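Chemist: After the sequence you'll find the predicted model.
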Amino acid sequence: MSPSAGSLIWISCRPLIRLAAGVASGFFITRADIFPLVAAQGAGQIALNITLPCLLFSKIVPAFTTDNIKALGPLVLIAVLYEALGLAFAWITKRFFWVPHRFRYGILIAGGWGNVGDLPTAVILSITGSAPFLGASDQNLSVAYISVFLLVFTITLFPCGFHRWLAWDFVGPDVEPEAMQAKVKGQRQRLFRFLLKERQGPPLPNYDDPPTDEEKTTPPVSPQLPVRTSEIYTQDDTTTVITSPNDTTKPLSTSSQAPSPHAQEADSAFPQPPLPRSSPATHTRPGSCSHYTRLLFAHARSFVKGLFNPICATIYVALPISLVPQLKALFIEVPGVHMPPAPDGQPPLAFIQDIATFIGAASIPIGLICLGSSLARLSIPLNQWRKLPIGAITSLAIAKMILTPILGVLICRGLANAGVLFKDDKVLLFVCMFFSCLPTATTQVYLTQVYSGTGSAEHLTPFLIPQYIIMFFSMTALNAYAIQAIF
């Protein structure tokens, strides 16, 4: 029997109330100056390096079985589809609305990578912990499914190198907003003319290449870097950027805004992003085969290193344990498998499962407090709102928080009808639908602050705030619809 309308509204709102309470706690103690930045940074590192891996281990081991492991493939597919959909919306936004030059690639990351960590875990655990779900068993299964989205997020953003797009924003000289607006205006006019087939009109001015862009101004020359420790990639067709995978340089300006606490969680859990450096083209000219060998080795080493951060390593360990009955019986009781018990009658390694459960319980509160602290440090002076790219901000917020959830529901229902998603796995359907309604990851704040070289993320801030405001309304509606549709 489907829940009543009143029950649906309450079931959908209740987890968001708990979410808001945790975020508000971090927000207010930060505003009251009793949760300093250094404390927030430490809490963020604890969350990603200790408590979140413990939470994932404690939930994955009992949740995954040989029967439901088949959901792993569809979960990866959904996660990749959502990232691709977000990238597409961000690219369209960039084409139709002007975006600051120092955010021209950052908007793609903001569109493609959502907040897949503590925020969805907090809400989904609350919803699956009560009717119409089955309580603890569905909670464990939901966190196991969430871990797949975390794995895809981490691998695509870091080992695959998409985080380097943020560095490209800070290569070369800046471009004035007026030039960017003229460029986008010209693109819109040509597109509309093409769509309307008005090819007989006079040619429009070429705004594609503003006179202040990189193509016309030579980037400043920086000291040459050792090739053996460098990663080389090309931005556009004219500028080559060399970054060191071992470079952990922090923002150099002491008077600028410091990295936000929640985003600082990425400091130790994910590969450290190096600061972008401009370099003459001669730095990347191949000299011999050993040159390419060193480059290939540097890329491979960086990729492999990124695959073994604490979150990914925990998933790699927990998945085989959950699928091999003899290993699983070491941690929890498994029907049909005899395992000599410990003196207390529990499985021999049950104490490890207890430790992971105990420490993992702190993950969600710490994460929400850090999120609130991060948002408290984001500020936009009121006199600057008129200078902001309102069209791009509004378009991206609507795309991520309204259009993507609608398309996400349609995608999930279509895949369920096609047999890709399993209709009898209600937790799987709910998790897949829920992840279509996530705002931009606050981890991008930290990455932008590091890559900028000044410790600021001034262009990202106005894109985040509207998304997190709309989230409370769109997420409530999505939860209510998803529960009604599934049950």
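Modeler: Received, thanks. Residues are numbered from 1 along each chain as shown.

Chemist: so where is the stretch 201-350 of the chain shaky, pLDDT-wise?
Modeler: In the predicted model of the stretch 201-350 of the chain, residues 201-288 satisfy pLDDT under 70.

Chemist: burial of residue 137, as a residue count?
Modeler: Neighbour count of residue 137, defined by other Cβ atoms under 10 Å: 13. Bear in mind the C-beta positions are built from the backbone N, C-alpha and C, glycine included.

Chemist: Look up the pLDDT of it for me, please.
Modeler: Looking at residue 137, its pLDDT reads 92.

Chemist: Just after the helix or strand encompassing it, pick out the following helix or strand.
Modeler: Using DSSP states H and E, residue 137 maps to helix 136-157. Next along the chain after helix 136-157, taking DSSP H and E as the criterion, comes helix 164-168.

Chemist: ok so, going back, can you point out the buried residues in the helix holding residue 137?
Modeler: Buried residues in helix 136-157, counting neighbours by 16 or more other Cβ atoms under 10 Å, are found at 138-157.

Chemist: now could you export just the CA positions of stretch 130-141 as PDB?
Modeler: These are the backbone C-alpha positions of stretch 130-141, laid out as PDB (Å, rounded to 0.1, in the frame of the first residue of the first chain):
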ATOM      1  CA  SER A 130      12.000   3.700   8.500                       C
ATOM      2  CA  ALA A 131       8.900   2.600   6.700                       C
ATOM      3  CA  PRO A 132       8.200   2.000   3.900                       C
ATOM      4  CA  PHE A 133      11.800   0.700   3.800                       C
ATOM      5  CA  LEU A 134      13.000  -2.200   5.900                       C
ATOM      6  CA  GLY A 135      15.200  -0.400   8.400                       C
ATOM      7  CA  ALA A 136      18.800  -1.500   9.200                       C
ATOM      8  CA  SER A 137      19.200  -3.900   6.200                       C
ATOM      9  CA  ASP A 138      18.100  -1.300   3.700                       C
ATOM     10  CA  GLN A 139      20.400   1.300   5.400                       C
ATOM     11  CA  ASN A 140      23.400  -1.000   5.000                       C
ATOM     12  CA  LEU A 141      22.500  -1.700   1.400                       C
END
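
Chemist: Could you list the residues in contact with it?
Modeler: The contact list for stretch 130-141 (Cβ atoms under 8 Å, 6 or more residues apart in numbering) reads 3, 11, 59, 62-63, 68, 125, 127-129, 426-427, 430, 483, 487.

Chemist: Distance from the chain centre to that stretch, please.
Modeler: Computed by Cα atoms, centre = their mean, to the nearest Å, the separation of stretch 130-141 from the middle of its chain amounts to 26 Å.

Chemist: And stretch 62-80, by the same measure?
Modeler: With Cα atoms, centre = their mean, you get 20 Å for stretch 62-80.

Chemist: Return the set of buried residues in stretch 15-31.
Modeler: Residues 15-16, 18-19, 22-23, 25-27, 29-30 are the ones in stretch 15-31 that count as buried (16+ other Cβ under 10 Å).

Chemist: next one: stretch 87-97 to chain centre, how far?
Modeler: The chain centroid and the centroid of stretch 87-97 are separated by 18 Å under Cα atoms, centre = their mean.

Chemist: Buried ones in stretch 361-376, by neighbour count?
Modeler: Quick answer for stretch 361-376 (16+ other Cβ under 10 Å): 362-376.

Chemist: for stretch 118-131, same thing?
Modeler: Buried-residue list, stretch 118-131, by 16+ other Cβ under 10 Å: 118-128.

Chemist: do the same with stretch 305-317
Modeler: Across stretch 305-317, burial judged by 16+ other Cβ under 10 Å covers 306, 309-312, 314-315.

Chemist: got a markdown table for these, with distance to residue 292 and secondary structure too?
Modeler: Listed next are these as a markdown table, based on distance: Cβ to Cβ, whole Å; DSSP: H, G, I helix; E, B strand; the rest coil:
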| residue | distance to residue 292 | secondary structure |
| --- | --- | --- |
| 306 | 21 | helix |
| 309 | 28 | coil |
| 310 | 32 | helix |
| 311 | 32 | helix |
| 312 | 28 | helix |
| 314 | 35 | helix |
| 315 | 33 | helix |
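
Chemist: Number of residues surrounding residue 67?
Modeler: 8.

Chemist: A helix includes it, no?
Modeler: No - Residue 67 is assigned coil when assessed by DSSP: H, G, I helix; E, B strand; the rest coil, not a helix.

Chemist: mind giving me the domain split of the chain?
Modeler: Segmentation of the chain into domains, based on automatic domain parsing, reads 5-170+307-486, 176-211.

Chemist: Determine which stretch of those domains is the most buried.
Modeler: domain 5-170+307-486 (a mean of 19; mean count of other Cβ atoms under 10 Å).

Chemist: so residue 48 touches residue 311, yeah?
Modeler: Yes - using Cβ atoms under 8 Å, residue 48 is in contact with residue 311, at 6.9 Å.

Chemist: about what we covered before: restricted to helices, list the contacts of stretch 130-141.
Modeler: Those of the contacts of stretch 130-141 mapping onto helices are 11, 59, 62-63, 125, 127-128, 426-427, 430, 483, per DSSP state H.

Chemist: Out of those residues, flag the one nearest to residue 329.
Modeler: Using Cβ to Cβ, residue 62 is the member of these that sits closest to residue 329, with 11.4 Å.

Chemist: contacting residues around the closest one?
Modeler: 140, 322, 328, 331-332, 353.

Chemist: for residue 18, same thing?
Modeler: Contacts for residue 18 (Cβ under 8 Å, 6+ apart) come out as 122, 126.

Chemist: try 6 Å this time
Modeler: Counting by Cβ atoms under 6 Å, 6 or more residues apart in numbering, residue 18 makes contact with residue 126.

Chemist: On the C-terminal side of the strand or helix carrying it, identify the next helix or strand.
Modeler: Assigned by DSSP H and E, residue 18 belongs to helix 5-31. Next in sequence after helix 5-31, counting helices and strands by DSSP H and E, comes helix 37-46.

Chemist: could you pull out the strands for this structure?
Modeler: Using DSSP state E, the strands of the chain run over 231-235, 239-243, 278-279.

Chemist: Can you read off the backbone torsions of residue 336?
Modeler: The phi/psi pair for residue 336 (degrees, to the nearest 10) reads phi 90, psi 0.

Chemist: Which residue, neighbours along the chain excluded, lies closest to it?
Modeler: Nearest residue to residue 336 in three dimensions, chain neighbours excluded: residue 325, at 7.3 Å (Cβ to Cβ, 6 or more residues apart in numbering).

Chemist: Next one: the one you found from residue 65, what distance?
Modeler: Applying Cβ to Cβ, to the nearest Å, the value for residue 325 to residue 65 is 9 Å.

Chemist: any weak-confidence spans in the stretch 351-487 of the chain?
Modeler: For the stretch 351-487 of the chain, the stretches flagged by pLDDT under 70 are 381-382.

Chemist: For it, which segments are assigned as helices?
Modeler: With DSSP state H, counting those that start in this stretch as the criterion, the stretch 351-487 of the chain has helices at 363-376, 390-398, 404-417, 426-434, 443-452, 461-486.

Chemist: Output the ones in helices among the contacts of stretch 130-141 in JSON lines; the columns should cover distance to residue 389.
Modeler: JSON lines is the format used below for the ones in helices among the contacts of stretch 130-141 (distance: Cβ to Cβ, whole Å):
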{"residue": "11", "distance to residue 389": "37"}
{"residue": "59", "distance to residue 389": "40"}
{"residue": "62", "distance to residue 389": "47"}
{"residue": "63", "distance to residue 389": "43"}
{"residue": "125", "distance to residue 389": "36"}
{"residue": "127", "distance to residue 389": "35"}
{"residue": "128", "distance to residue 389": "38"}
{"residue": "426", "distance to residue 389": "41"}
{"residue": "427", "distance to residue 389": "39"}
{"residue": "430", "distance to residue 389": "35"}
{"residue": "483", "distance to residue 389": "36"}
